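In: Predicted coordinates and the sequence they were generated for:
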Amino acid sequence: DPAFWQKIMTSIEPEPDGFHLTAPFTLRKAHLLYRYLRTGGAKPLPRKFIYEVLIAACKQLELQSKEQGALQTVPPPAKGEHLYVCGDTHGQLQDVLWIFELHNEPAPGNAFLFNGDMADRGANAVEIFMLLLAYKLASPGTVYMNRGNHEQRDLNERPFANGGGFAWEVRRKYPHDENLIELFQRFFMLLPIASVVGSWAFVIHGGLFRDTNVTLDDLRKVNNKRQPPLKLESRDDELLFDALWSDPHEGDGVAMGSARGGYSIQFGADVTKAFCKRTGVKSVIRSHQLPKRQRGFEITHNSMLLTIFSASNYGGVCRNRGGVLIFDEKGPAEVKEFYAPPLDEYRQMCDEKLMSSILERVRRWRVNAAMGPAHREARKTSRKKSVMVENLWTHLLFETDGAGRLAPRDREVLAEQTRAWEEQRRSAE
């Protein structure tokens, strides 16, 4: 009952410290959250904020599910636009922040599809979900998410050492709040199990199915609003289970059983080819496995199947690169690999960069101040070309180039504030 969750959320007292955002969600607010998570002093996000975001996300996904079912439609990028498909991130916040550093934040024309397994194993899955949902709630066409096999209760309750840990991450950050874990599970059960990007690609976390006659309409009708089945007693059970758990193998046909357990299947190149022909898509994109040779991607099944994996140095020990698949207006264009620094090192880099920017702005302010009353007009002109440090603390979060100009994205975010500040200056003078 949505009213139940709303009642819990309204009963939570605002926290005096830490980062705060409230509805309505905007790209500007999502941008500020992104900047905050990059800072060395970032603390766990307020409990009230977590509830507010999850409740709004569940409402949005409920509406999407009524229209599209368990299979979501992702529009192909138009000319000059991009879509980035990311694989498993498993609580490694540094990878998500690094991906946005390399490819810019989510925005209209710069969309991201995260293909499941954001939860478990890493220490910061809560922050990953909140960051992605902040953008998604502000502009639904900028972030898409598929469900992975780790977006489920059984694995979340396992200890970190056994490949789980998400429930314990929530308990560590928000003690004595089992309702919050339950709300995350409700959110997981509303995530679609796959996406279709035009006729270019079918994107799914695990892979294809033991039933070799599956259509896209079949997948739209899957009952995904539940935990994955422990026993496969119906075709619907099999479709949901295989979507989250299946793997490819190098031969043909469907092989029953794998290292993941007796219910899991492996599908061959002929299954991939037949699925693409039957559904009219050109390729299948999946995640779920660390690719061979420490890469962020792997191409198999006669170049019709691509595995994309975005958790670099997986678990802090694998030394693998992460990968991001880039779509442009002509289709899948390339895979960009990366190796993100550890989160504490990345945050230190961001803090040092921010401090350098602040010192440069202070230097410019002192130059303007030294010009004195006789050069008021020159000082006013110089002020318009630079960002004043003392105007608003959030201004310190935004970057300028060597000439004092804001980056294009930050100019858009701050356009409204800038007009207000200029009016305030004029009235003060």
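Out: Alright, I've got the coordinates. Numbers count the residues shown, from 1 in each chain.
In: what about residue 18, distance to residue 106?
Out: 23 Å (Cβ to Cβ, to the nearest Å). Glycine gets a C-beta too; all of them are placed from N, C-alpha and C.
In: higher neighbour count, the two?
Out: Set residue 18 next to residue 106 and count neighbours by other Cβ atoms under 10 Å: residue 106 wins out with 26 against 14.
In: Tell me if I'm right that that one and residue 112 touch.
Out: Yes - counting by Cβ atoms under 8 Å, residue 106 does reach residue 112; the two are 5.3 Å apart.
In: Spit out the residues that contact the two alike.
Out: Listed as contacting both residue 106 and residue 112 by Cβ atoms under 8 Å, 6 or more residues apart in numbering are 132, 142, 143.
In: Among those, which ones are in helices?
Out: Among the shared contacts of residue 106 and residue 112, the ones falling in helices (DSSP state H) are residue 132.
In: just the buried members of the shared contacts of residue 106 and residue 112?
Out: Among those, the ones that count as buried by 16 or more other Cβ atoms under 10 Å are 132, 142, 143.
In: what sits against the first one?
Out: Spelled out, it's residue 132. Shown in contact with residue 132 (Cβ under 8 Å, 6+ apart): 96, 106, 112, 114, 118, 143, 145.
In: Let me have the residues you listed in a markdown table, adding distance to residue 324 and pLDDT as columns.
Out: Shown next, in a markdown table, are those (distance: Cβ to Cβ, whole Å; pLDDT from 0 to 100):
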| residue | distance to residue 324 | pLDDT |
| --- | --- | --- |
| 96 | 11 | 98 |
| 106 | 13 | 97 |
| 112 | 9 | 98 |
| 114 | 10 | 98 |
| 118 | 15 | 98 |
| 143 | 14 | 98 |
| 145 | 15 | 98 |
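In: Looking at these, which are in strands?
Out: Judged by DSSP state E, strands contain the following of the contacts of residue 132: 112, 114, 143, 145.
In: How are the strands of this structure distributed by residue range?
Out: Secondary structure of the chain by DSSP E: the strands cover 71-74, 82-86, 110-115, 143-146, 194-197, 201-204, 247-248, 254-258, 261-267, 284-286, 297-300, 305-308, 322-328, 331-338.
In: In TSV: the ones you listed, plus distance to residue 373.
Out: Shown next, in TSV, are those (distance: least, Cβ to Cβ, whole Å):
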stretch	distance to residue 373
strand 71-74	58
strand 82-86	50
strand 110-115	46
strand 143-146	51
strand 194-197	61
strand 201-204	63
strand 247-248	74
strand 254-258	78
strand 261-267	77
strand 284-286	64
strand 297-300	62
strand 305-308	61
strand 322-328	54
strand 331-338	52
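In: nearest to residue 349, of the ones you listed?
Out: Proximity to residue 349 (Cβ to Cβ) singles out strand 331-338 among the strands of the chain, at 14.5 Å.
In: which helices and strands sit right next to the lengthiest helix in the chain?
Out: The residue-count maximum for a helix in the chain (DSSP H) belongs to helix 343-370. When contacts are defined as 3 or more Cβ pairs under 8 Å, 6 or more residues apart in numbering; DSSP states H and E, helix 343-370 packs onto helix 93-103, helix 376-385.
In: So for residue 409, what's the pLDDT?
Out: Looking at residue 409, its pLDDT reads 60.
In: typo on my end, it should be residue 405
Out: pLDDT recorded at residue 405 is 52.
In: now residue 281
Out: At residue 281, the pLDDT recorded in the model is 98.
In: For the nearest residue to it once chain neighbours are set aside, which residues are in contact?
Out: Excluding the flanking residues, the one nearest residue 281 by Cβ to Cβ, 6 or more residues apart in numbering is residue 202, at 4.5 Å. Neighbouring residues of residue 202 by Cβ under 8 Å, 6+ apart: 194, 195, 196, 216, 275, 276, 279, 281, 283, 284, 285.
In: so can I have a markdown table of those showing distance to residue 180?
Out: Shown next, in a markdown table, are the contacts of residue 202 (distance: Cβ to Cβ, whole Å):
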| residue | distance to residue 180 |
| --- | --- |
| 194 | 27 |
| 195 | 27 |
| 196 | 32 |
| 216 | 35 |
| 275 | 38 |
| 276 | 41 |
| 279 | 38 |
| 281 | 38 |
| 283 | 38 |
| 284 | 35 |
| 285 | 32 |
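In: which one among those residues gets closest to residue 44?
Out: For the contacts of residue 202, the nearest to residue 44 is residue 195 (30.4 Å; Cβ to Cβ).
In: distance of that closest one from residue 2?
Out: 25 Å.
In: domain parsing for this structure?
Out: According to automatic domain parsing, the chain is divided into the following domains: 2-340, 344-428.
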